[in-house]
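# coords please:
(one chain, ligands or ions: 1)
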Amino acid sequence: MIDDAVGRAKLQPRSEYCLGMTRLGDDRLIGFCRLGLTGVRAAKLGYAVAAEYWGHGYATDTVQTMLEFAFGLLGLHRVTAAIGPDNAASHTVVERRGFVREGVLRDHVFTNGAWRDSVLYSALSDEWTAQPRR
Ligand SMILES: CC(C)(COP(=O)(O)OP(=O)(O)OC[C@H]1O[C@@H](n2cnc3c(N)ncnc32)[C@H](O)[C@@H]1OP(=O)(O)O)[C@@H](O)C(=O)NCCC(=O)NCCS
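Predicted coordinates:
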C-alpha cells in the first residue's frame, strides 16, 4: 500500500495526497488518510485506522491535519467524505471536524455483494475554521 501511494505521489499532475499515521516514537503504520483530487479545487477524503488503535483520536487528528493542508497549502475549496450510514465512528470524526451533512447517495458503492448508500458530507474553505485539537 505504501509503495502504491508513493508511486501515485510521483505522478504529474498529482491526483492524490496520502498521509500515513504513526504514533510518536514508533514508525509502525497504524492508519492512513487519503485526499483524492477531483474537479476544480475539490477533493474526496478517505481514511482508516487499524482496529486495535480505534478510539484514541487518531482519525480525528489526521483529518484535521489533512483539512489544514487541503484548505491551506493546496488552496482547495471543497472537500467531501462519503460514509456508510451505519459507520457511527466515522460520522463522529467528520462532524467533529466541521463537515456538514449534505444528504444520502443512493446505492453509492457495491461492497460485500450488495449496493449500499453513503451519507455525503462536505467542508467548504470559506465556512471551515480549524477546530481546536483535543
Ligand atoms: C472510522 C475510523 C477511521 C475512526 O478511527 P478512530 O481513530 O477510532 O477515530 P477517533 O478516535 O478519532 O474518533 C472516533 C469517535 O467516534 C466515536 N465512536 C466510536 N464508535 C461509535 C459509535 N458506535 N457511535 C458513536 N460514536 C462512536 C468514538 O468514541 C470517538 O469519539 P470520542 O473521541 O469522543 O470518544 C475507524 O473506526 C476505522 O478505521 N474504521 C474502518 C474504516 C472506515 O470506516 N473508514 C472511514 C470510511 S468513510
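# in stretch 96-110, what's buried?
Using 16 or more other Cβ atoms under 10 Å as the test for burial, stretch 96-110 gives 97-99, 108. (Each C-beta comes from the backbone N, C-alpha and C, glycine too.)
# of these, which is the nearest to the ligand?
When the buried residues of stretch 96-110 are ranked by distance to the ligand (Cβ to the nearest ligand atom), residue 97 comes first, at 9.1 Å.
# and the furthest pair within the buried residues of stretch 96-110?
Using Cβ to Cβ, the two most remote members of those are 98 and 108, lying 22.3 Å apart.
# contact partners for residue 66?
17, 19, 33, 35, 45 (Cβ atoms under 8 Å, 6 or more residues apart in numbering).
# what's the local residue count around the nearest residue to residue 97 once chain neighbours are set aside?
Ranked by Cβ to Cβ, 6 or more residues apart in numbering and with sequence neighbours excluded, the top spatial neighbour of residue 97 is residue 63, at 4.9 Å. Close neighbours of residue 63, defined as other Cβ atoms under 10 Å, add up to 25.
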